[in-house]
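[1] no sequence for this one, just the structure:
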């Protein structure tokens, strides 16, 4: 997609943008006005149409020239700042930061960004490819969902019929902003199995885990450049949402037993973040758990530095039932004092059945419920009632047991197949959906993925999760043995 030339005036007036530049017919990117302005300006910067120090129009001038609101113009600039392309100078305006930059030879080069420098467009393209219809691809070993034929269609169909036979007058009202109360009661019982004792009033139902994460971001992290901690590697949608919100992310390396506590402490001392987003069970993409002793230390650091921990337990139901209680959840240890606990049924039931939840303290829940009531007038009552049926009648418990058995059967075969190709497994998880493998020193997994995609094989290269893992690739063990993707990978790697 070509970016139209910006009318650059290399003088004190910087350069200007007109409304006509933002039209799709004119060549600018589609999507929201914020995204169009971002694509236009970032394209001009990266193609060197403008140089470092060039002043952008003021927010007011940009809004007038493009016939948009000042809020839209401000958010577009915030996104450019978040991507490191533009800097804001107090009292002076916005200036180009990266184009044509020259570093002094006597200065040490800065540490590279951990979040896709110069490659965000390619990464976003790969993420869009993840949503292509499966008919257009030979294999989808990079997807983050179970195969369609693993879905428990009879149980879901039965639950939908039961909901349809029920009293439909409930649909005439917006419903409880915290979600369907009987399902929250059922979640109360479910969470007790992992040691989390929560009242239904401390639960909010959401449209999947992503919606829950977004609710936390919108309610508690509203200020551009606010510092937050995430794990490295981590799921790409989290980093992309944080970048779009203008947050400043700092990464804590994920080790085999959980986050690196030395780095976590150092980042808390230096940056004083308020929130740390992490996963304690079946971390995506490594498949590892946080060790019990480390979970206690994380909570002690949270107490010391007044840190809120956002715990993503999306894949928790894939842990074998006999060991589910042995895996430590932070929320179970502190009973939601400093932890916001997030879960979902979309990965295990069906991606199209968007139901997730979050559990938090009464104070946090009250604030999030108020925000949700003002911004989301009605919950997804049909989906919530369907999930309630599946949980309350025992279908979901049986379904998860079947999933765990199928994954346990495939895991050693998948690991052996990767190792025979000369790949090194970063970890050998005992449960879950993923294997995280290193293609070899110096191998650019993203380029390998692009070549495979041209052949009809969708994979998940390490750059989707962390720039520091450029040679890694995430494999979905439920799909990687189908479609001959391993043979194609061997040919691309020359093995």
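    Yes, it's here. It should be emphasised that the depicted structure is a prediction, and the values quoted were computed from it without experimental measurement.
[2] Flag the shaky bits of the stretch 251-400 of the chain, pLDDT-wise.
    Scanning the stretch 251-400 of the chain for pLDDT under 70 picks out 322-326, 377-379.
[3] Now do the helices in it.
    Counting by DSSP state H, counting those that start in this stretch, the stretch 251-400 of the chain forms helices over residues 261-271, 292-305, 330-334, 362-375, 381-392, 395-420, given from the N-terminal end onward.
[4] So for the fifth one, what gets flagged as buried?
    This points to helix 381-392. Judged by neighbour count using 16 or more other CB atoms under 10 Å, the buried positions of helix 381-392 are 381-391. C-beta here means a position set from N, CA and C on the backbone, and glycine is covered the same way.
[5] what's the nearest residue to residue 371 if we skip its chain neighbours?
    Of all residues beyond its chain neighbours, the one nearest residue 371 is residue 219 (5.1 Å), with distances taken as CB to CB, 6 or more residues apart in numbering.
[6] Quick check: the one you found is in a helix.
    Yes. With the criterion set as DSSP: H, G, I helix; E, B strand; the rest coil, the secondary structure at residue 219 is a helix.
[7] does it really touch residue 366, like I thought?
    No. Taking contacts as CB atoms under 8 Å, residue 219 lies outside contact range of residue 366: 10.7 Å.
[8] Give me the more crowded residue out of those two.
    In terms of neighbours (other CB atoms under 10 Å), residue 219 is the more surrounded of residue 219 and residue 366; the figures are 17 against 13.
[9] ok, residue 235 - contacts?
    The contact partners of residue 235, by CB atoms under 8 Å, 6 or more residues apart in numbering, come to 144, 284-285, 312, 465.
[10] can you put the residues you listed in a markdown table and add distance to residue 49 and neighbour count?
    Written out in a markdown table, the entries for those read as follows (distance: CB to CB, whole Å; neighbours: other CB atoms under 10 Å):
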| residue | distance to residue 49 | neighbour count |
| --- | --- | --- |
| 144 | 37 | 21 |
| 284 | 39 | 23 |
| 285 | 37 | 29 |
| 312 | 40 | 28 |
| 465 | 32 | 26 |
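[11] For residue 320, state which of the residues you listed is nearest.
    Within the contacts of residue 235, distances to residue 320 taken as CB to CB reach their minimum at residue 284, with 18.0 Å.
[12] Next one: that closest one relative to residue 381, how far apart?
    Going from residue 284 to residue 381 by CB to CB, to the nearest Å gives 29 Å.
[13] Over to residue 51?
    When CB to CB is the yardstick, residue 51 and residue 381 sit 55 Å from each other.
[14] again with residue 306
    Looking at residue 306 against residue 381, where the rule is CB to CB, the gap reads 38 Å.
[15] how about residue 314, what does it touch?
    Contact criterion CB under 8 Å, 6+ apart gives 209, 279, 284, 342-344, 347, 356 as the residues in contact with residue 314.
[16] who wins for most neighbours among those residues?
    Neighbour counts for these (other CB under 10 Å) peak at residue 343, which has 29 neighbours.
[17] Now the phi/psi pair for residue 250, please.
    Comment: the main-chain dihedrals of residue 250 come out as phi -130, psi 130, following degrees, to the nearest 10.
[18] Now for it, how many residues are close by?
    Other residues within reach of residue 250 by the criterion other CB under 10 Å amount to 19.
[19] Bridging across strands, which residues link to it?
    According to DSSP bridges, the partner residues bridging residue 250 are residue 229.
[20] what does the model give it for pLDDT?
    pLDDT, residue 250: 95.
[21] got the contact list for it?
    Residue 250 makes contact with 227-230, 267, 271, 273, according to CB under 8 Å, 6+ apart.
[22] from the residues you listed, which would you call buried?
    Of the members of these, the ones counted as buried by neighbours, 16+ other CB under 10 Å, are 227-230, 267, 273.
[23] still on that earlier bit, taking the contacts of residue 235, tell me the two that lie furthest apart.
    Greatest spacing in the contacts of residue 235, by CB to CB: 312 and 465 (13.8 Å).
[24] which residues touch the residue nearest to residue 371?
    With contacts defined as CB under 8 Å, 6+ apart, residue 219 is in contact with 367-368, 371.
[25] Which one of the residues you listed sits in the busiest neighbourhood?
    Counting by other CB under 10 Å, residue 368 has the largest number of neighbours within the contacts of residue 219, with 23 neighbours.
[26] returning to that earlier point: export the contacts of residue 219 to a markdown table and tack on distance to residue 21?
    Formatted as a markdown table, the entries for the contacts of residue 219 read as follows, by distance: CB to CB, whole Å:
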| residue | distance to residue 21 |
| --- | --- |
| 367 | 40 |
| 368 | 39 |
| 371 | 35 |
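[27] Out of the residues you listed, which is nearest to residue 400?
    Looking at these and their distance to residue 400, the nearest is residue 368, at 27.4 Å (CB to CB).
[28] how far away is the closest residue to the closest one other than its chain neighbours from residue 308?
    Spatially, and ignoring its direct neighbours in sequence, residue 368 is nearest to residue 219 (5.1 Å; CB to CB, 6+ apart). Taking CB to CB as the measure, residue 219 falls 11 Å from residue 308.
[29] still on that earlier bit, how close does the residue nearest to residue 371 sit to residue 53?
    In this view, residue 219 and residue 53 are 37 Å apart by CB to CB.
[30] before we move on, what about residue 274?
    33 Å.
[31] And for residue 299?
    Taking CB to CB as the measure, residue 299 and residue 53 are separated by 46 Å.
[32] Which of these two has more residues huddled nearby?
    The residue with more neighbours, out of residue 299 and residue 53, is residue 299; 18 against 14, by other CB under 10 Å.
[33] so the more buried one makes contact with residue 330?
    Yes. Between residue 299 and residue 330 a contact is recorded at 6.3 Å, counting by CB under 8 Å.
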